[in-house]
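In: need a structure here:
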Amino acid sequence: MAERGERHPLGLYLGLGFFQGLVLLSVTESWASAGDGRALLAGLLTFVLVGTLQVQLLGGQWREARRGRLVLGCALLLAVLLAWFVWQSRGQESLRWSDAPGSTLLFGELVLFYILTPFIQAWDSRSGGRFDYTVLYRHAWNNGLILLLAALLVGLFWLLIALWAGLFSVLGIKLFAALFFNRVFVWLSCASVFAVGVRIGLQRDSVIEALRGLLLAICRALLPLTVLIVLLFVVCLPFTGLEPLWATKRATAILLALVFAHLCLLNGVFQDGRQACGYARPLRLMADASLLVLPLLAALAGYALWLRVQQYGLTPSRVLVGLLVVMALLYALAAAGAVLRRAEVWLDGLRRSNPPIALTFAVLLVLLQTPWFSPQELSAASQFRRLLSGQVAPGQFDAGLLRFQLGEPGRRYLARLEQLLEQPGALPAEQAAPLRADLQRLQQSRQYGEWRRNRHEEEALPPLQLQWLGTEPADVDGLFARLESSGCRRTVCNLLPVDLDGDGAQEVLVIRSGQGSALPLPIFARDDKAGGWRGVGVMAVPGGLRLSGAELVERMRRGAVRPVASRYQALEVGEVRLEPRLN
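Out: Numbering: from 1, shown residues only. Coordinates of the predicted model:
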């Protein structure tokens, strides 16, 4: 026990827990007002929690030279990944933990280092470049149980704290409730108690062994149930078809949950491969059959995801689900291969396949956090390609997703779209018009939710009511966006193309129908620099004559309309321009 105490000094664990609590407290206190700085706070919190948790699980092993270098390498890898995350999140809408990449940052790094930590713990077990599977298995399961024990200790601690505060509150003493139920005490105590729970789990090997034995017994009891579910599901598929499954709109999630539940229970029964199967031959044959069809279910999950991507393109969440599909397929194929290999030990092939697949998962997690394969990069590229290829209508293109949800890659592709719209003829007119209107709305929105609300409200409005009094000029798509605020949804707007300045390019007068006066008439002209249209002024009748839109349009249709040069010219005095306004 003394040796264990030396390897797991209480002061070290309390210090690490207190440090975690301070960081948690600082981040939560600063989160609401951080704005664009939330990415930096999220990166700092992730680095501290993941790094210190790995040190806690390693106990005194991190002090050893070889393992110390591995821990340092993990810390450097984590720092690089988090630095990239912070950089690509610049200018993104305020980060929320419920959104990708916010939710995937901490969870993804925890999964990554949960995979890597058993390999560091089992480093001395290598022989011929291969790890001892028994040692890897024991550390992987023990680490999960240690964390579970620590979480249980935190729960029990807070039950007693709540009882303490409640008892004294009954007596009218509110001091303890005020002391315990505040952020400072909550974060510091939770982190410190959790660290103590990790230390207890590392010191009490017998407790962890007993918990593992209990958990594996549960796996042995439940595996026949998932075997039955898998086989019945596969048998029913030819009779029901895939349509009922697609109709749930959660086919991928359902199938992945079934595949991973079956694989988890299977590994709990297999353990390190040294134990007998323990099942009767008929049940063992059924288990083998379920493993042989498991790749089919993983493939169906991938197909369901592919259909979704074909319909709506990639999003960060779909990229992450795609990673789970790949892993489910690899594990399912490995399990089916272990059945077909028919070794003396049941599923002995899992001893060789599980470690490299776990490391493959770790490598893919790292790749998804690189500039080339990040969920934001892949999603932004997918959405942009779908727009250019015509797979998504311009009116349904989610420009707000690029601006607010996909970080630096989204803004980069949005800039490419704006450049295309500035190039005459780069996009068809029927595509460019709604896209310019969307980008104009995007400039007026500060958050993704506001952008969606503004767009929904405008889509609920009636369409523009436009009639041309003459030949429609070329490249009028940008004009329609300018007419959004001219009342042309509530009444018919008549558009008269006419060259008012004699430059050979037609301007457009807007005459609103109705019985009220249509004057003054807005004038819109081409703006070659901006690649669109802009309002340049109005036309009115001297003397305050009132003409309704209907009467003015009727006069235009009866007689010729021609531009007339102004009788009195303007004067330029130096840089000052004097223009006449006649009564």
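In: Give me the distance between V198 and R204.
Out: Using Cβ to Cβ, to the nearest Å, we find V198 at a distance of 11 Å from R204. Where C-beta positions appear, they are placed from N, C-alpha and C, glycine not excepted.
In: so what are the domain limits for the chain?
Out: The chain is divided into the following domains under automatic domain parsing: 1-203, 375-460, 466-557.
In: Now mean pLDDT too, for those domains, in JSON lines please.
Out: JSON lines is the format used below for the domains of the chain (pLDDT from 0 to 100):
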{"stretch": "domain 1-203", "mean pLDDT": "85"}
{"stretch": "domain 375-460", "mean pLDDT": "82"}
{"stretch": "domain 466-557", "mean pLDDT": "74"}
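In: Adding mean neighbour count and distance to F233, write these out as TSV.
Out: Shown next, in TSV, are the domains of the chain (neighbours: other Cβ atoms under 10 Å; distance: least, Cβ to Cβ, whole Å):
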stretch	mean neighbour count	distance to F233
domain 1-203	17	27
domain 375-460	17	30
domain 466-557	16	51
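In: Pipe the ones you listed into TSV and attach distance to Y568 per row.
Out: What follows is the domains of the chain, written out as TSV (distance: least, Cβ to Cβ, whole Å):
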stretch	distance to Y568
domain 1-203	52
domain 375-460	37
domain 466-557	12
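In: Nearest approach to G213 belongs to which of the ones you listed?
Out: G213 lies closest to domain 1-203 among those, at 10.4 Å (Cβ to Cβ).
In: By residue count, which helix of the protein is the longest?
Out: helix 133-170 (DSSP state H).
In: Any idea how many residues pack against the nearest residue in space to R284 that is not next to it in sequence?
Out: Leaving aside its sequence neighbours, R284 sits nearest to C277 (Cβ to Cβ, 6 or more residues apart in numbering; 5.8 Å). By other Cβ atoms under 10 Å, 15 other residues sit near C277.
In: show me what contacts C277?
Out: When contacts are counted by Cβ atoms under 8 Å, 6 or more residues apart in numbering, C277 touches V269, R284, W346.
In: at 10 Å what do you get?
Out: Shown in contact with C277 (Cβ atoms under 10 Å, 6 or more residues apart in numbering): R220, V269, F270, L283, R284, A287, V345, W346, L347.
In: Hmm, the fifth one is touching L266, no?
Out: By that I understand R284. No: using Cβ atoms under 10 Å as the test, R284 is too far from L266 to be in contact (12.0 Å).
In: between those two, what contacts are shared?
Out: With Cβ under 10 Å, 6+ apart as the test, R284 and L266 both reach V227.
In: got the residue ranges for the helices in the stretch 401-550 of the chain?
Out: Taking DSSP state H, counting those that start in this stretch to define them, one finds helices in the stretch 401-550 of the chain at 407-422, 429-443, 448-460, 477-482, 549-558.
In: so what's in contact with V198 and R204 at the same time?
Out: Joint contacts of V198 and R204 (Cβ under 10 Å, 6+ apart) are I146, L149.
In: any idea how far L41 is from V564?
Out: Distance, V564 to L41, by Cβ to Cβ: 66 Å.
In: which SS state does W187 fall under?
Out: Three-state call for W187 (DSSP: H, G, I helix; E, B strand; the rest coil): helix.
In: In this structure it contacts L49, no?
Out: No: the pair W187 / L49 is not scored as a contact, 11.8 Å apart, by Cβ under 10 Å.
In: who touches both of the two?
Out: Residues touching both W187 and L49 by Cβ under 10 Å, 6+ apart: Q20, V23, L24, V27.
In: Backbone dihedrals for the residue nearest to R284, both of them.
Out: Dihedral angles of C277 (phi, psi; degrees, to the nearest 10) stand at phi -60, psi -50.
In: Then the one 10 residues further on?
Out: Per-residue torsions, A287: phi -60, psi -40 (degrees, to the nearest 10).
In: So F180 sits against W158, correct?
Out: Yes: with contacts counted by Cβ under 10 Å, F180 reaches W158, the gap being 8.9 Å.
In: Now do the shared contacts for those two.
Out: Contact criterion Cβ under 10 Å, 6+ apart; residues shared by F180 and W158: V186, S189.
In: any idea how far Q271 is from the residue nearest to R284?
Out: Taking Cβ to Cβ, one finds C277 at 10 Å from Q271.
In: Please apply the same query to Q465.
Out: According to Cβ to Cβ, Q465 stands 73 Å off from Q271.
In: Kindly report the same for R138.
Out: R138 sits 9 Å away from Q271, taking Cβ to Cβ as the criterion.
In: Identify the contacts common to the two.
Out: Shared contacts of R138 and Q271, counting by Cβ under 10 Å, 6+ apart, come down to R212.
In: which stretches of the stretch 51-200 of the chain form helices?
Out: 65-88, 102-121, 133-170, 175-180, 183-203.
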